[in-house]
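Trainee: need a 3D model of the following:
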Amino acid sequence: MLNFTAADIARWAGEFFWPFLRTLALFSSAPLFSAATIPVRARVAIAFVIAFLVGATIGQSAPLNLSWAAMTLALQQVLVGLAIGFAMQLALAAMAFAGDFIGIQMGFGFAGLFDFQSGFEVPVMSDLFSLVGLLLFVTLNGHLILLGVLVKSFQIVPIAVSGGLPPLGWHALAAAGAMLFQMGVWLALPVVAVLLAANLAVAVVSRVAPQINVMSIGFSVFMWVGLASTIAVVPFFAPAVQHMIAVGLAAAGAALHGG
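Mentor: So this is what the prediction gives:
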């Protein structure tokens with residue numbers, strides 16, 4: 001006859017509950033998993049399955065009980081999951097930033113579309129770049145790499161009261177925010193340079209032939225030049241997103257290791 005004590009039940013529950021919290025926090029902040037179109041029940045179900053699989057591979061885990069230590073441990077798991085997902089979300093946000101930057105230069109700053117990922121209206125070019133970045137993220141197996149980082153995080157930041165992200169890890173994650181501006185500018189720079197040349201050309205035409213209504217032809221010129229330039233840089237999107245995934249993994253690793 002098998003006899004189970006309360007300590008055994010608390011230990012078995014902890015082996016599943018703590019990975020479940022970390023996985024669910026990751027899904028609430030990571031790209032693709034945090035999309036508004038994915039039902040909450042689906043996220044919870046996927047997190048349940050992943051936590052069940054990961055819990056079987058963890059060598060040591062803290063028991064689940066009602067104590068201040070358990071509350072602190074729960075907060076730590078949530079923060080670790082949020083940090084991993086936010087690092088990758090921050091890297092892919094460079095695509096949306098580049099699209100927004102290009103759209104303003106093209107004159108599309110007033111045009112907006114509903115973004116299914118964030119759940120609110122964003123500029124049309126920003127939405128286009130964001131969708132392309134998400135598609136390439138899935139094509140390059142970025143979601144599987146992210147789950148691999150989640151599994152690896154239990155070795156780097158074990159489930160223990162003394163664990164959690166170090167202060168230097170949060171500082172490294174905050175400092176990684178500069179990469180959003182840097183990568184977005186570099187990705188949009190070729191299109192912006194072409195649009196700047198088009199602006200200079202229109203300015204010269206307006207000085208040479210003042211009778212031409214620049215306001216009537218300028219918007220069309222900038223729109224078509226911007227679209228042509230964007231199409232020309234599309235082949236570079238895949239390497240750019242691949243670099244963004246690598247940068248997001250580096251930011252997540254810096255947060256977990258503490259710098």
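Trainee: alpha carbons of stretch 84-95, as CSV, please.
Mentor: The C-alpha coordinates for stretch 84-95 follow below in CSV (Å, rounded to 0.1, in the frame of the first residue of the first chain):
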residue,chain,number,x,y,z
ILE,A,84,12.8,36.5,-21.0
GLY,A,85,9.7,37.3,-23.1
PHE,A,86,10.3,41.1,-22.8
ALA,A,87,13.9,40.7,-24.1
MET,A,88,12.7,39.1,-27.3
GLN,A,89,9.7,41.4,-27.6
LEU,A,90,12.1,44.4,-27.3
ALA,A,91,14.3,43.0,-30.1
LEU,A,92,11.4,42.4,-32.5
ALA,A,93,9.9,45.8,-31.8
ALA,A,94,12.8,47.3,-33.9
MET,A,95,10.8,46.1,-37.0
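Trainee: in that stretch, which residues are buried?
Mentor: Residues of stretch 84-95 classed as buried: I84, G85, F86, A87, M88, Q89, L90, A91, L92, A93, A94, M95 (neighbour count, 16 or more other Cβ atoms under 10 Å). All C-beta atoms are positioned from the backbone trio N, CA, C, and that covers glycine.
Trainee: contacts only, for the last one.
Mentor: If I follow you right, that is M95. F129, S130, V132, G133, G184, L187, A240, V241, M244 (Cβ atoms under 8 Å, 6 or more residues apart in numbering).
Trainee: at 7 Å what do you get?
Mentor: Neighbour list for M95: F129, S130, V132, G133 [criterion: Cβ atoms under 7 Å, 6 or more residues apart in numbering].
Trainee: and the strands in the stretch 51-200 of the chain, which stretches?
Mentor: 112-114, 121-123 (DSSP state E, counting those that start in this stretch).
Trainee: low-confidence ranges in the stretch 51-200 of the chain?
Mentor: Along the stretch 51-200 of the chain, segments meeting pLDDT under 70 span 59-61, 63, 109-122, 161-164.
Trainee: center of this structure, which residue is that?
Mentor: Q89 (1.2 Å; Cα atoms, centre = their mean).
Trainee: counting neighbours, what do you get for the residue nearest to that one when sequence neighbours are not counted?
Mentor: The shortest distance from Q89 to any non-neighbouring residue, by Cβ to Cβ, 6 or more residues apart in numbering, is to P31 (5.2 Å). The tally of other residues near P31 (other Cβ atoms under 10 Å) stands at 24.
Trainee: the one 10 residues further on now?
Mentor: Other residues within reach of R41, judged by other Cβ under 10 Å, total 8.
Trainee: quick one: residues contacting it.
Mentor: Residues near R41 by Cβ under 7 Å, 6+ apart: none.
Trainee: ok, it to N141 distance?
Mentor: Noted for R41: a distance of 25 Å to N141, by Cβ to Cβ, to the nearest Å.
Trainee: next one: A93
Mentor: The value you get for A93 to N141, if Cβ to Cβ is used, is 20 Å.
Trainee: repeat that for A175.
Mentor: 27 Å.
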